[in-house]
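> what shape does this take:
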Amino acid sequence: MPQTFPLEKIRNIGIMAHIDAGKTTTTERILFYTGKVHRIGEVDEGSATMDWMQQEQERGITITSAATTCHWKDFRINIIDTPGHVDFTAEVERSLRVLDGAVAIFCAKGGVEPQSEAVWRQADGYNIPRIAYINKMDSLGADFYKALKMIETKLGARPVVLFLPIGVEDTFAGVVDILRSKALYWEDKLGLEVEEGQIPEDMLELFEEYRENLLAAAADFDDDILEAYLQGEEVPVQSLIKAIRKGTLENKIVPCFCGSSFRNKGVQTLLDGIIDYLPSPLDVPPIEGQVPGKNETVIRKPIDDEPFCALAFKVMTDPYVGRVTYFRVYSGVLTNRSYVYNATRGKNERIQRLLVMHANHREDVEAVSTGDIVATVALKHTVTGDTLCNEKNPIILEPISFPTPVITIAIEAQTRDDLDKLGDCLRKLAEEDPTFTSSTDEETGQTLIAGMGELHLEIICDRLLREFGVKAAVGTPQVAYKESILQAVAGEGKFIRQTGGRGQYGHVKLRLEPLGRGQGFEFENAIRGGVIPHEFIPAVESGVKEALESGSLIGYPLVDVKAVLEDGSYHEVDSSELAFKIAGSMGVKDALSRAKLAILEPVMKVEVTVPSEFLGEVLADLNARRGQITGMETEDIYEIIRASVPLATMFGYATDLRSRSQGRGTYTMQFEQYDVVPPAEADKIIAKYYGRV
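Okay, here's the model as predicted:
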């Protein structure tokens, strides 16, 4: 089947930024100017197309990533608008995994804010080319050049300015196009008519400076431009675009745009930049994967003639069509009413409907092909991160990794009817959101839910009531602690069971060693001479992992541990995988009975902005919360405090900060790392766990 849209004219992009930088507002303008919508939606009015959830409209923030497709100058642009709040970082992570390029939006006043930095690092992890758009040039305190400097210093990027702002704050009128040496103005209210003019005289010197910077950057990626630049010759605009595109695709430069999306100025130039500088599916390396059950790497090229291959990156429950699975097609063609193979689960799935999504609206299509970001309904076995492919040519793509939840609360259904529905609803929500989990406390019988923050769990509870009709009461937030060992310790596990027939025999000697923070779990097979047959080693590892799921201090998982299998023995008849799995688990428990253990707690990176007059009181409060101040800076009448603070002490901080700063203080918080709890605090946690306080 022929490609329905030329691959070189497809752009799969994400819109990413700190909360309130203008992501959704910018996306709304893009949809308006590309003709996708005929009325501009506003976030503040709750009418934004992409913020379709009731909770998003009420709070004025993006909670879930929304996908849409639009067209600009014969190009198709598939857009995913991602959240800016740290509690919904999973939405950014899974979106970036399947995108080819991204638009990073920065507030002209705030510049590079904490979550801007976080999403930038996430994009670094996937090596995604980016362009920068400095928004809100009309806002009070806007400073284009300060934001540029922050992109350079805080993000370590090389910004290449393509447009300069004409005026600032309420005098912001248009932009100077450095490539084409002219000024652009948007005179009408909707910004539909772009008028060209001469560069203002008072900006000519600035224009020349940034024109030189642009030429120098382009010359780094094109020898012909370098030669013309050195000889003082004029360089064609298309040659400059080609060179800047090359540098952007190599992730060596970041083209920078500016405007005011809310005032409808600068969005069309951003659209041109998406087409000119961000990659098509042909510009990114072919996707790599593993053949199921084999240590063999295979490649899928982005063409329709290759076997079908796609990655499911999001699952959501739609009240009208049921379970919707979003996926990105990396190669091949998939038609309606056909079968697809889930290589991750080893299951076949039937494709009943193929959908192109526009936020929460759906458009049925008969086929999808390479480069498409689409959805389907009623897949029974597929979850986030699964690979969908052709059964005759199976492949498993690298799954998506997500951060672990840091806050746990107890939830209790208010009626028996709600109790029957609660478990099923929590399961559906966990399928949608990999950073949300639910479990049952074996000792208390309570249902526990865990997430990335208080707002995250608040939204979950709100959705339970509104979408699923389940009334539930929640308890006080609990921190998701972990445990670890502080020094190496040896252990031995021997499982022997004799019955009338064949018995069970497994015997291991192992050593547990501490790893650096954040390194998780490692297993090393140091067996020599075949004292334990090779086929039983994976069973030992499985038993060790299982035993580490519950620590001996307060019952939380053990992390940052390396297990070294050193010795053991086996029985030619009685030994089995089950026996060695149990022996591995017993060996860990034996080692832990003598180990020096520590409790680890999540530590958050906190940034507080507060008027200078309240600085002392806010600092004292952070110190009382066991916070470590890592940096401070002054901006106008405000002080910006950066600190690392244990999550356990940050519950209710928003209310406390407001009361200490007469409602003028704000803060952002994101997970930084797990760290050892001080002994005095650890004693309190242990005592509480065993019910002594």
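> stretch 6-18: which residues count as buried?
The neighbour-count check on stretch 6-18 (16 or more other C-beta atoms under 10 Å) flags 7, 9-18 as buried. C-beta: built from backbone N, CA, C; applies to glycine.
> CA atoms of it as CSV?
Extracted as CSV, the C-alpha positions of stretch 6-18 are listed here (Å, rounded to 0.1, in the frame of the first residue of the first chain):
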residue,chain,number,x,y,z
PRO,A,6,5.1,11.7,2.0
LEU,A,7,7.3,10.8,5.0
GLU,A,8,9.6,13.8,4.4
LYS,A,9,6.5,16.0,4.9
ILE,A,10,5.5,14.6,8.3
ARG,A,11,6.6,16.2,11.6
ASN,A,12,5.9,14.3,14.9
ILE,A,13,6.5,16.9,17.6
GLY,A,14,5.9,17.6,21.3
ILE,A,15,5.1,20.9,23.0
MET,A,16,7.0,20.9,26.4
ALA,A,17,7.7,23.5,29.1
HIS,A,18,7.3,24.5,32.7
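> give me the most central residue, the protein.
Centroid-nearest residue in the chain, with C-alpha atoms, centre = their mean: residue 93, separated by 2.1 Å.
> wait, doesn't it sit right on residue 384?
No - applying C-beta atoms under 8 Å, one finds residue 93 not in contact with residue 384, separated by 10.1 Å.
> shared neighbours of these two, anything?
Taking C-beta atoms under 8 Å, 6 or more residues apart in numbering as the contact rule, the neighbours common to residue 93 and residue 384 are residue 400.
> tell me the pLDDT at residue 440?
Here the pLDDT value assigned to residue 440 is 83.
> and for it, nearest residue in space, chain neighbours not counted?
residue 447 (5.8 Å; C-beta to C-beta, 6 or more residues apart in numbering).
> returning to that earlier point: quickly note the distance from the residue nearest to the centre of the chain to residue 16.
11 Å (C-beta to C-beta, to the nearest Å).
> show me whatever sits in contact with both of those two.
residue 122.
> I'd say residue 303 and residue 333 touch.
No - contact criterion C-beta under 8 Å: residue 303 and residue 333 do not qualify, at 10.1 Å.
> give the contact list for the residue nearest to the centre of the chain.
Contact analysis of residue 93 by C-beta under 8 Å, 6+ apart lists 122, 400-403.
> what's the PyMOL line that selects buried ones from those?
Only the buried members of the contacts of residue 93 end up in this PyMOL selection, burial being decided by 16+ other C-beta under 10 Å:
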select buried, resi 122+400+402
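> and the helices in the stretch 301-450 of the chain, which stretches?
416-432 (DSSP state H, counting those that start in this stretch).
> and stretch 466-482, average pLDDT?
Stretch 466-482 comes out at a mean pLDDT of 84.
> meant to ask about stretch 616-634, not that
According to the model, stretch 616-634 has a mean pLDDT of 94.
> do stretch 348-359 as well
90.
> how about that stretch: buried residues?
349, 351, 354-359.
> sitting in strands, which of those residues do you find?
Judged by DSSP state E, strands contain the following of these: 349, 354-358.
> need the contact partners of stretch 408-420.
For stretch 408-420, contacts defined as C-beta under 8 Å, 6+ apart pick out 421-422, 438, 441, 446-450, 457, 461, 470-480.
> 10 Å - rerun?
When contacts are defined by C-beta atoms under 10 Å, 6 or more residues apart in numbering, stretch 408-420 is touched by residues 421-423, 425-426, 437-439, 441, 444, 446-451, 454, 457-458, 460-461, 464-465, 468-481, 556.
> now the strands for the stretch 51-200 of the chain?
Assigned by DSSP state E, counting those that start in this stretch, the stretch 51-200 of the chain shows strands spanning 66-72, 75-81, 101-107, 130-135, 159-161, 163-166, 174-177, 182-186, 194-197.
> of all these, which lies closest to residue 366?
strand 66-72 (15.9 Å; C-beta to C-beta).
> who are the packing partners of the closest one?
Contacts defined by 3 or more C-beta pairs under 10 Å, 6 or more residues apart in numbering; DSSP states H and E place strand 66-72 against strand 10-17, helix 23-33, strand 75-81, helix 89-98, helix 267-277, strand 354-358, strand 373-377.
> want to throw the strands of the stretch 51-200 of the chain into a markdown table with mean neighbour count and mean pLDDT?
As requested, the strands of the stretch 51-200 of the chain are exported to a markdown table (neighbours: other C-beta atoms under 10 Å; pLDDT from 0 to 100):
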| stretch | mean neighbour count | mean pLDDT |
| --- | --- | --- |
| strand 66-72 | 21 | 88 |
| strand 75-81 | 24 | 91 |
| strand 101-107 | 26 | 95 |
| strand 130-135 | 28 | 97 |
| strand 159-161 | 23 | 97 |
| strand 163-166 | 24 | 97 |
| strand 174-177 | 23 | 96 |
| strand 182-186 | 18 | 95 |
| strand 194-197 | 12 | 93 |
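> distance to residue 299 added to those strands, as a markdown table?
Below are the strands of the stretch 51-200 of the chain laid out as a markdown table (distance: least, C-beta to C-beta, whole Å):
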| stretch | distance to residue 299 |
| --- | --- |
| strand 66-72 | 26 |
| strand 75-81 | 23 |
| strand 101-107 | 21 |
| strand 130-135 | 25 |
| strand 159-161 | 32 |
| strand 163-166 | 38 |
| strand 174-177 | 40 |
| strand 182-186 | 43 |
| strand 194-197 | 43 |
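> what's the burial count for the closest residue to residue 473 other than its chain neighbours?
Nearest non-adjacent residue to residue 473, counting by C-beta to C-beta, 6+ apart: residue 412, 5.2 Å away. Under the neighbour criterion other C-beta atoms under 10 Å, residue 412 is assigned a count of 13.
> tell me the spacing between residue 412 and residue 630.
Here residue 412 is placed at a distance of 39 Å from residue 630 (C-beta to C-beta).
> using CSV, write out every CA atom in the strand or helix carrying residue 629.
Following DSSP states H and E, one finds residue 629 within strand 628-635. Taking C-alpha atoms only, strand 628-635 is exported to CSV below (Å, rounded to 0.1, in the frame of the first residue of the first chain):
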residue,chain,number,x,y,z
GLN,A,628,19.5,21.7,52.8
ILE,A,629,19.8,25.1,51.0
THR,A,630,21.6,24.5,47.7
GLY,A,631,21.5,28.0,46.2
MET,A,632,19.9,31.5,46.3
GLU,A,633,19.5,34.4,44.0
THR,A,634,17.8,37.7,43.9
GLU,A,635,15.4,38.8,41.1
